[in-house]
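Undergrad: fold the following for me, if possible:
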Amino acid sequence: MVVNTTRADRLVDPGYADDADMARLEQTLRSSGVEYAVHHGTSKDTAAEDVLDAAEKSGAELIVIGLRHRTPVGKLIIDSTAQTILLGARCNVLAVKLA
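TA: As a prediction, the model looks like this:
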């Protein structure tokens, strides 16, 4: 399952894919032959909560997340979505460093 979500009260989230991005992703997944589902939308929950909820409902065995560099102060001030997923997941989590 692919989860792309943002909180509904956020005006712009650069990590949130638009419809064209999602169409390209779905084309890639379709051509790969891999079984998949896509959750794309806004939510009252945080992205981490959406990912954890989707993993729980689908019975996921693995969650794959991308990590980006953040300063130590940035990590202190802003709650880390990745950290919340890593600590809250009931299955394995693979964290991949994004360039």
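Undergrad: after the helix or strand bottoming out on mean pLDDT in the chain comes which helix or strand?
TA: Lowest by mean pLDDT, DSSP states H and E among the helices and strands of the chain is helix 72-77, with a mean of 69. Next in sequence after helix 72-77, counting helices and strands by DSSP states H and E, comes helix 81-88.
Undergrad: partners of whichever helix or strand comes after that following helix in the sheet?
TA: Using DSSP H and E, the helix or strand that follows helix 81-88 towards the C-terminus is strand 92-97. Sheet pairing here is set by DSSP bridges, and for strand 92-97 it gives strand 62-67 (parallel).
Undergrad: now the strand it pairs with: mean pLDDT?
TA: The pLDDT scores in strand 62-67 average 90.
Undergrad: run the angle between it and helix 81-88 for me.
TA: Orientation check (axes from the mean of the first three to the mean of the last three CA atoms, to 10 degrees): strand 62-67 against helix 81-88 gives 150 degrees.
Undergrad: in strand 62-67, which residues are buried?
TA: If you call a residue buried by 16 or more other CB atoms under 10 Å, then strand 62-67 has these buried ones: I63, I65. Every C-beta, even on glycine, is put in place using the N, C-alpha and C of the backbone.
Undergrad: which residues are in contact with that strand?
TA: 51, 55, 81-82, 85-86, 89, 91-98 (CB atoms under 8 Å, 6 or more residues apart in numbering).
Undergrad: now with 10 Å, please.
TA: By CB atoms under 10 Å, 6 or more residues apart in numbering, the residues outside strand 62-67 that reach it are 1-3, 15, 47-48, 51-52, 54-55, 80-83, 85-86, 88-99.
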